[in-house]
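# What follows is a predicted protein model with its sequence.
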Amino acid sequence: MVEFPYGTKSLLCKYLSADLWKRYQGRRDKVGVPFEQMILSGCQNVDSGIGVYAGSHDAYYTFEGLFDRIIEDYHGHAKNDRHVSDMDYTKLNCPPFTEEEKSMIISTRIRVGRNLAAFPLGPGITK
């Protein structure tokens, strides 16, 4: 079982029970990423807020006992909740920037991260 120092506040520490450790220890997701690799960062960096990285899309299902709890706590999104997207920009309610706020904006960046189906996410990436 993983032991965290007193005061560790990560969601991994909060939800990784002895039972979940026993259930997932030594298991891998469908692309072969081991559970231990997914939690390694949170074990080494105990100041992490979350402490776990999915190895692939499948990891959310293979290790749902841990991921579902963390996702619900962090995002407020329960396992059976469904997200409904409305991409109509005319429905956005964006208050205008003040002149002072506008003057501080030099550039903007929008990051979109996606993964190819059946390929691993961060913890499972190899050459």
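Yes, it's here.
# Just the element for Asp19, please.
helix 18-24 (DSSP states H and E).
# Tell me the buried residues in that helix?
Using 16 or more other C-beta atoms under 10 Å as the test for burial, helix 18-24 gives 20, 24. (Glycine included, C-beta is placed from N, CA and C.)
# hmm, who's touching it?
Helix 18-24 is contacted from outside by 1-2, 35, 63, 65-66, using C-beta atoms under 8 Å, 6 or more residues apart in numbering.
# and if you look at stretch 44-57?
Contacts of stretch 44-57 from elsewhere in the structure, counted by C-beta under 8 Å, 6+ apart, are 4-5, 8-13, 28-31, 33-34, 37-39, 41-43, 60, 63, 66-67, 70, 74, 115, 117-124.
# Let's see which of these end up in strands.
Of these, none are assigned to strands by DSSP state E.
# Of those residues, which count as buried by neighbour count?
Using 16+ other C-beta under 10 Å, the buried ones in those are 4, 8, 10-13, 28-29, 33-34, 37-39, 41-43, 60, 63, 66-67, 70, 120-121, 123-124.
# how much space is there between Tyr15 and Phe97?
39 Å (C-beta to C-beta, to the nearest Å).
# between the two, who's got more neighbours?
Neighbour comparison, Tyr15 and Phe97: the larger count goes to Tyr15, with 18 against 11 (by other C-beta atoms under 10 Å).
# any idea what sits nearest Cys43, other than its immediate chain neighbours?
Closest residue in space to Cys43, ignoring its immediate chain neighbours: Val2 at 5.6 Å, by C-beta to C-beta, 6 or more residues apart in numbering.
# who touches that neighbour in this structure?
16, 21, 39, 43.
# Contact partners for the third one?
By that I understand Ile39. 2, 12, 16, 51-52.
# Tabulate these in CSV, adding columns for distance to Ile106, pLDDT and secondary structure.
Below are these laid out as CSV (distance: C-beta to C-beta, whole Å; pLDDT from 0 to 100; DSSP: H, G, I helix; E, B strand; the rest coil):
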residue, distance to Ile106, pLDDT, secondary structure
Val2, 43, 91, coil
Leu12, 36, 98, helix
Leu16, 41, 98, coil
Gly51, 33, 96, coil
Val52, 35, 97, coil
